[in-house]
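K.L.:
Turn this into a structure:
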Amino acid sequence: MNIVEESKKVWVGKIPLDVPDSLIERVLKTCGPVESWKRSADGKGNLKGFGFCYYEDIKSVYLCYTLLNDYEICGSCLSVKLDEKTMMYMKHWKS
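P.N.:
Alright, predicted model coming up:
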């Protein structure tokens, strides 16, 4: 029996720097319940153009990956990526 480790982490990049963090979180929540969202910041607290979202379920990961990758927000297209563990878990879930 092949057991795939559960992982629901999503990397979200290409976020315009002038877009408020609260807007990105609202967009992420359209795909499903968010366990946590953490946008990266520099040492001075200035937001960077990427962050990590942990969803409560794999269906939300799938929706985020398929719907929000290349989603245009304020003139920039978001980039959504999954690490290998999350990708394997999603593929296992889909089958």
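
K.L.:
Spit out the contact partners of the closest residue to Lys94 other than its chain neighbours.
P.N.:
With sequence-adjacent residues excluded and distances taken as CB to CB, 6 or more residues apart in numbering, Lys94 is closest to Tyr62, at 7.2 Å. Bear in mind the C-beta positions are built from the backbone N, C-alpha and C, glycine included. Residues in contact with Tyr62, defined by CB atoms under 8 Å, 6 or more residues apart in numbering, are Met90, Trp93, Lys94.

K.L.:
Now those in TSV, please, with extra columns for pLDDT, distance to Leu78 and secondary structure.
P.N.:
Shown next, in TSV, are the contacts of Tyr62 (pLDDT from 0 to 100; distance: CB to CB, whole Å; DSSP: H, G, I helix; E, B strand; the rest coil):
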residue	pLDDT	distance to Leu78	secondary structure
Met90	94	18	helix
Trp93	93	22	helix
Lys94	90	22	helix
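
K.L.:
of the residues you listed, buried ones?
P.N.:
The neighbour count (16 or more other CB atoms under 10 Å) marks Met90 as buried among the contacts of Tyr62.
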